[in-house]
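Q: based on what follows, work out the 3D shape:
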Amino acid sequence: MMPAYPLRSGDDILLPSCAACGRWRWPGGEICRDCGGVTIGPARWTGPATVLAEVRVHRGVPAANLEHGPYEVVAIDLGGLRFLTRWGERPDPVRRGQRCTLRWGRVGDTDWPLAYPQDA
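A: The predicted model follows:
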């Protein structure tokens, strides 16, 4: 059975990667779509990431998630792996192509990788 991602190991963020070709896989799956390898497992993500887009969420999610809302959701590229998250520290302005990184933070009662500007 495939583990739920992302995984946490200390401060490290573990994401599914193919050991045969090194490509990130999302969702993980059992077979690599690029090389056909069957060695997909957790690997330490080291960054950096690039901002693709941002959207402000006003509603449409459980009310408990909006207690500090509205909030921004940011789409980032992790070197071939596209990932949606929230800002841990939102830059102003947000620009497409901007460099950022991921660090663990709290969203409600859950730890989650949050985006931070590269220089933060």
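
Q: show me where this protein has strands.
A: Per DSSP state E, the chain carries strands over the ranges 7-9, 12-18, 40-45, 49-57, 71-77, 82-86, 99-107, 110-117.

Q: and those: which comes nearest residue 29?
A: Among these, strand 40-45 comes nearest to residue 29, with 6.3 Å by Cβ to Cβ. Using the backbone N, CA and C atoms, a C-beta is placed for each residue, glycine as well.

Q: so what does the closest one touch, helix or strand wise?
A: strand 12-18 (3 or more Cβ pairs under 8 Å, 6 or more residues apart in numbering; DSSP states H and E).

Q: report the backbone C-alpha coordinates of the strand it packs on in PDB.
A: Only the C-alpha atoms of strand 12-18 are listed here, as PDB (Å, rounded to 0.1, in the frame of the first residue of the first chain):
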ATOM      1  CA  ASP A  12      12.700  17.000   6.300                       C
ATOM      2  CA  ILE A  13       9.900  16.800   3.700                       C
ATOM      3  CA  LEU A  14       9.600  13.400   2.000                       C
ATOM      4  CA  LEU A  15       7.900  13.100  -1.300                       C
ATOM      5  CA  PRO A  16       7.500  10.200  -3.700                       C
ATOM      6  CA  SER A  17      10.400   9.800  -6.100                       C
ATOM      7  CA  CYS A  18      11.500   7.100  -8.600                       C
END
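
Q: pull out the buried residues from that strand.
A: 13, 14, 15, 16, 17, 18 (16 or more other Cβ atoms under 10 Å).

Q: report pLDDT for the fourth one.
A: Here the pLDDT value assigned to residue 16 is 90.

Q: what does the residue lying closest to it once chain neighbours are set aside show for phi and psi?
A: Once flanking residues are discounted, residue 16 sits nearest to residue 28: 3.2 Å by Cβ to Cβ, 6 or more residues apart in numbering. Note on residue 28: backbone dihedrals following degrees, to the nearest 10 are phi -60, psi -60.
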